[in-house]
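Trainee: Sequence and predicted model, in that order:
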Amino acid sequence: MIVTRCGEGVSSSSRLLFDARDAHRGVQRAASDWSGAGRARPCNHEHMTCADAIREVFQEEPRVHTAAEVVAKIGARYPEGRWAPGTIRAMLIGLCVNHGSAHHYPTYRRQAFLYSPGRGRFQPADGAVDARAPASEEPAASRGRNVRSDRVRARRGARPRGLHQGAAQRERAAVVRHLVDEIHQDLFQPQFRREPYGERVTGWPARLRTYFWPHPVMDLRATSETLTPWFDEAGELSRRLLGGAGWGPEERRRAAVLGWSILTWGGVTRQAAFSEETVETVFRRALGVGGGEGAPMNSGWTKVAAMATAFFEGEMHRAPHVIWDSRVSTSIVSRLDRRLARTPGVDPERLFPGLGVIGGRGGTRPRNLELRWANPYGRWWGQEAGSTMTREIRDVLNEGGHGWMPLPDGGEGKWTIRGVESVLFMDGY
C-alpha cells in the first residue's frame, strides 16, 4: 500500500503520478531556465524576519560560519539593529536540525535548514540553502604523529593526510568487507515520507531493486532513462577536455544545461553561483585536468562531478566520482562508526582519512555518532574520500558472493559506482 498524504477524492497512486509528473516537468524546464540560477531574488526588507536574514547569509556563502560571523554580517546589512545579537544566536540554534538545545525553540523547527558541527559553528543542511551539508572532524594518522594537532588542522579545513601503507590498509580492507557483508545480511525496509513502503528485503541486488527518487514511480528503470542521456553527453564533453581540445561556446552551453538539469533532478538548484564557467571548472576539477582550481563543492556539485566522470566506469586506472550526499555518506559513516566504536584503540581518522558525514535531515538523519570523523563539507578531499570508499565497496561486490547488480532492463551485470551509490542512498534515509 502506498503511504502518502492525499487530497480528498484522490487515490495514493494517482497522487504519486501527479507528483512525479510535476517533478519530471521541472527537469524538462531545466534547459530553458538555467541562466537565472545565479541571480539574486528580490527581497522585501520591510517584511524580513530574523530567519530570512540568517538564510540570506548562508545563501550568499554556503559554508561553515561561527555565530559571531553571522551576527556581524546581519549587523552590517541591517545597521538599524533590527535584531539583537542574542536573538540571532537563539535563532541559529532553533534553525538547526541537530543542535542539542534546539528543542527550547519549538516554533523555529519547521524552518530548520542549518546543521551544527559543534563549537558554535553552523552550515547549510541537506535540501536547504544549496547543499546536503557536513559533519565532524578530520583525519589524523599513524604512529609518531601528534593526533591533537591533526584534529586542530581538521577543524581549520586542512586537507587530510593519506592512509599509510601496510597494516592500516589491510585493516581498512577488512572493515570494508565487513561493511559489505553487513549490508547484504541486514533486513531492509524501504521508506517513503518516513513511512514503510513496499516489502522488506535482504541482499544487495534486492536492495537496489527498491531504489526510487524522488517518488516511488521514479524507480531504477525510470531514473536510468532520465540520467543515462545526460551522462552520455557529459562523457562526450569530458573526453574533449581530457584530450586537450577544450570547450567552445557551444560545449559550455551544453555543459551548463546538463549541470542545471541534474541540479534540478536532485532538488539542489539554490547555488551561490551558477554559470557556464562554474560548470566547466567543476568538470575540470572532477576530471583532474588544468583549470579546476577554486571549483565549488556541495550536494549539488557532487552530482555534476559524478556526471562528468561516469564514463570512467570500467576503464582501468580511472576513478569515477560518487554522488557523495547526506544519505550516501550517512549510510557508510554510521555503519563504520558502529563497527569501529566496538573496537578499542581503532582510530577512524587513521583508517579512513577524509571520510565524514555530509549532514542533513530526513528519515533517520542525522544519526548519532560515537567517534570523531572528518568534516568534509564543501571540500573536494571529502568528495574524493567518499568516492574512493564507494569504489572499494564496488570492487568487493565484484569479487562475487553477494549477487550481481540488477540492470534497469532486467538483466544483471557487474556492480558499478552508480549501483552501489543507489543502495547506499536508500540505506541512508
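Mentor: Cool, the structure landed. Model, not experiment: these values are computed from the prediction.
Trainee: can we go C-alpha only for contacts and neighbour counts from here?
Mentor: OK.
Trainee: Quick check, pLDDT for residue 47.
Mentor: Looking at residue 47, its pLDDT reads 65.
Trainee: I'd like the average pLDDT over stretch 281-298.
Mentor: Throughout stretch 281-298, pLDDT has a mean value of 95.
Trainee: All further residue positions should be reported with the first residue as 615.
Mentor: Noted, 615 is the first residue going forward, which turns the last one into stretch 895-912.
Trainee: For that stretch, buried residues please.
Mentor: Counting neighbours by 16 or more other Cα atoms under 10 Å, one finds that the buried residues in stretch 895-912 are 895-901, 906, 909-912.
Trainee: How about stretch 679-697?
Mentor: Taking 16+ other Cα under 10 Å as the basis for neighbour counts, the residues of stretch 679-697 that come out buried are 679-681, 684-685, 688-689, 697.
Trainee: and if you look at stretch 978-988?
Mentor: 979-981, 983, 985-988.
Trainee: Alpha carbons of it, in CSV - could you do that?
Mentor: Taking only C-alpha atoms (Å, rounded to 0.1, in the frame of the first residue of the first chain), the coordinates of stretch 978-988 have been written out as CSV:
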residue,chain,number,x,y,z
THR,A,978,16.6,8.7,10.4
ARG,A,979,19.1,11.6,9.8
PRO,A,980,21.0,13.0,11.5
ARG,A,981,22.2,9.8,13.2
ASN,A,982,24.2,9.9,16.4
LEU,A,983,27.9,9.0,16.0
GLU,A,984,30.3,8.0,18.8
LEU,A,985,33.6,8.7,17.1
ARG,A,986,35.2,11.7,15.6
TRP,A,987,35.1,11.9,11.8
ALA,A,988,36.3,14.3,9.3
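Trainee: and that stretch, how far out from the chain's middle?
Mentor: Mean-position distance between stretch 978-988 and its chain equals 15 Å (Cα atoms, centre = their mean, to the nearest Å).
Trainee: hang on, the earlier thing: mind putting the buried residues of stretch 895-912 into JSON lines with secondary structure and distance to residue 993?
Mentor: Conversion of the buried residues of stretch 895-912 to JSON lines gives the following (DSSP: H, G, I helix; E, B strand; the rest coil; distance: Cα to Cα, whole Å):
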{"residue": "895", "secondary structure": "helix", "distance to residue 993": "15"}
{"residue": "896", "secondary structure": "helix", "distance to residue 993": "12"}
{"residue": "897", "secondary structure": "helix", "distance to residue 993": "15"}
{"residue": "898", "secondary structure": "helix", "distance to residue 993": "15"}
{"residue": "899", "secondary structure": "helix", "distance to residue 993": "12"}
{"residue": "900", "secondary structure": "helix", "distance to residue 993": "12"}
{"residue": "901", "secondary structure": "helix", "distance to residue 993": "16"}
{"residue": "906", "secondary structure": "coil", "distance to residue 993": "13"}
{"residue": "909", "secondary structure": "coil", "distance to residue 993": "10"}
{"residue": "910", "secondary structure": "coil", "distance to residue 993": "8"}
{"residue": "911", "secondary structure": "coil", "distance to residue 993": "6"}
{"residue": "912", "secondary structure": "coil", "distance to residue 993": "8"}
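Trainee: Closest one to residue 865 out of the buried residues of stretch 679-697, please.
Mentor: For the buried residues of stretch 679-697, the minimum distance to residue 865 (Cα to Cα) is 36.0 Å, reached by residue 679.
Trainee: I'd like to know which elements the helix or strand hosting residue 869 is packed against.
Mentor: Residue 869 belongs to helix 863-880 when assigned by DSSP states H and E. Helix 863-880 sits against helix 626-642, helix 644-647, helix 834-856, helix 890-901, helix 915-923, with contacts defined as 3 or more Cα pairs under 8 Å, 6 or more residues apart in numbering; DSSP states H and E.
Trainee: From the rest of the structure, what touches the very next helix or strand once past the second one?
Mentor: Yep, that's helix 644-647 we're talking about. Going down the chain from helix 644-647, the next helix or strand is helix 664-674, by DSSP H and E. Applying Cα atoms under 8 Å, 6 or more residues apart in numbering, the external contacts of helix 664-674 come out as 684, 687-688, 697, 702, 705-706, 709, 737-738, 743-744, 884-886.
Trainee: quick one: which of the residues you listed sit in helices?
Mentor: 684, 687-688, 702, 705-706 (DSSP state H).
Trainee: Domain boundaries for this protein, per the record?
Mentor: Domain ranges of the chain: 660-738, 742-1043, per automatic domain parsing.
Trainee: Geometrically speaking, which residue is the centre of the chain?
Mentor: Central residue check for the chain by Cα atoms, centre = their mean: the C-alpha nearest the mean position is that of residue 939, 1.3 Å away.
Trainee: any idea which of the contacts of helix 664-674 has the most stuff around it?
Mentor: Of all the contacts of helix 664-674, the highest neighbour tally under other Cα atoms under 10 Å goes to residue 738, namely 31 neighbours.
Trainee: Pull up the gap between the spatially closest residue to it that is not a sequence neighbour and residue 859, please.
Mentor: Taking Cα to Cα, 6 or more residues apart in numbering as the measure, residue 738 lies nearest to residue 728, with 4.6 Å between them; neighbours along the chain are not counted. Residue 728 sits 42 Å away from residue 859 when distances are taken as Cα to Cα, to the nearest Å.
Trainee: Looking at those two, which one has more neighbours?
Mentor: residue 728 (31 against 10).
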